[in-house]
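Peer 1: generate coordinates for the sequence data below:
(one chain, ligands or ions: 1)
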Amino acid sequence: HASLPLVINTWPFKNATAAAWSALQSGGSVLDAVEKGCARCEVEQCDGTVGYGGSPDEAGETTLDALIMNGDTMEVGAVANLRRIKNAIGVARAVMELTEHTMLVGESASLFAERMGFTAEDLTTNKSINIFSQWLKGNCQPNYRKNVYPDPSKYCGPYKPVPVQHQNKRATSANEHAHDTIGMIAIDQNGHVAAGTSTNGLTHKIPGRVGDSPIIGAGAYADSTAGGAAATGDGDVMMRFLPSYLAVELMRAGADPSEACKTAISRIKRHYSDFFGAIICANTTGHYVLN
Ligand code: SD4
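Peer 2: Sure, this is the predicted structure:
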């Protein structure tokens with residue numbers, strides 16, 4: 001496929017794509033497009049895995065991860081483990097544009113957001129309470145290795161020892177049902193590239209866990225001299241390989257988006273053959289692939 005301008009994203013989140021597209025059509029920048037697109041999913045709670053009310057952690061709280069990157073200037077803003085604020089991609093953009101920093105995390109990120117005028121609200125919903133309480137009842141897949149588990153009665157319903165896992169075998173909690181994320185790339189007529197992500201991460205994660213989505217080069221990457229990429233899937237594994245960075249570098253070296261995406265995934269598969277994940281790649285001529 002080839003055409004400019006271009007908006008693509010992970011998963012069939014059509015309203016998000018449309019929101020990004022209309023931002024571009026009405027004269028907005030590629031950053032506006034990525035922000036508006038991802039924000040749409042935060043409002044709609046796309047698949048329950050973006051925005052509030054999804055993926056409660058082991059303490060029942062929903063926290064958000066997001067990233068936005070300007071491929072012209074290589075500026076990045078990211079937030080991880082953001083609490084109480086629904087518009088994570090907006091806060092990521094505020095980090096990028098209003099500070100000299102790149103990433104803020106946790107409670108401090110939330111306090112920053114509040115100071116910047118974002119509304120603090122509870123991210124808990126009936127749905128997230130329900131997911132959490134089901135899990136407490138014993139449908140328990142703790143995210144620790146081996147038998148390490150500090151206070152199972154508090155966090156994880158009746159304690160069941162978890163079988164020792166081979167290092168390269170993933171826990172069953174990290175599968176396609178526990179995962180989703182919006183990752184988006186926007187490229188305008190003049191080849192300006194922006195990319196971003198927004199997610200509520202992994203259900204039943206250990207509080208404090210950060211996935212790939214807000215990690216620069218893992219969740220997304222953009223460089224207007226090469227292209228953009230964004231990833232979705234088992235972030236705990238994917239972030240070890242910086243697949244979005246790798247894909248963009250491969251495109252810079254001349255690979256087409258399809259080869260670049262494929263190589264980035266196969267690099268991971270070499271070590272984790274059964275990992276779950278995907279990546280989207282686009283170059284500045286408007287060629288793209290959803291892999
Ligand atoms: C994470 N990568 O936190 C996110 C979730 C995801 O498709 O993308 N799932 O690991």
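Peer 1: what about the helices in the stretch 151-291 of the chain?
Peer 2: For the stretch 151-291 of the chain, the helices defined by DSSP state H, counting those that start in this stretch occupy 152-155, 235-238, 243-252, 257-269.
Peer 1: now do the third one against helix 257-269, angle only.
Peer 2: Between helix 243-252 and helix 257-269, the angle formed by their directions is 140 degrees, by axes from the mean of the first three to the mean of the last three CA atoms, to 10 degrees.
Peer 1: helix 243-252 packs against which elements?
Peer 2: Taking 3 or more CB pairs under 8 Å, 6 or more residues apart in numbering; DSSP states H and E as contact, the helices and strands that helix 243-252 lies on are strand 220-223, strand 227-233, helix 257-269, strand 277-283. Every residue, glycine included, has its C-beta placed from N, CA and C.
Peer 1: show me where pLDDT drops low in the stretch 151-291 of the chain?
Peer 2: Across the stretch 151-291 of the chain, the ranges flagged by pLDDT under 70 are 151-179.
Peer 1: how about Ile187: what's its closest non-neighbour residue?
Peer 2: Closest residue to Ile187 apart from its sequence neighbours, by CB to CB, 6 or more residues apart in numbering: Leu6 at 4.6 Å.
Peer 1: next, count neighbours for the one you found.
Peer 2: 25 (other CB atoms under 10 Å).
Peer 1: let me see the contact set for it.
Peer 2: By CB atoms under 8 Å, 6 or more residues apart in numbering, Leu6 lies in contact with 185-187, 282, 286, 288.
Peer 1: quick one on the thing from earlier: quick one: closest of the helices and strands packed on helix 243-252 to the ligand.
Peer 2: Closest of these to the ligand is strand 227-233, at 3.7 Å (criterion: CB to the nearest ligand atom).
Peer 1: right, and Gly53 touches Gln45 too?
Peer 2: Yes: if you go by CB atoms under 8 Å, Gly53 and Gln45 touch, sitting 5.7 Å apart.
Peer 1: and the protein, which of its residues are near the ligand?
Peer 2: Residues of the chain lying close to the ligand by CB under 6 Å from any ligand atom are 179-181, 199, 201-202, 211-213, 232-233, 235.
Peer 1: all the strands of the chain, in order from the start?
Peer 2: Using DSSP state E, the strands of the chain run over 6-9, 64-70, 75-82, 103-105, 182-187, 193-199, 220-223, 227-233, 277-283, 288-290.
Peer 1: as a markdown table, the ones you listed with distance to Leu136 would be great.
Peer 2: As requested, the strands of the chain are exported to a markdown table (distance: least, CB to CB, whole Å):
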| stretch | distance to Leu136 |
| --- | --- |
| strand 6-9 | 34 |
| strand 64-70 | 22 |
| strand 75-82 | 21 |
| strand 103-105 | 26 |
| strand 182-187 | 28 |
| strand 193-199 | 23 |
| strand 220-223 | 34 |
| strand 227-233 | 27 |
| strand 277-283 | 28 |
| strand 288-290 | 37 |
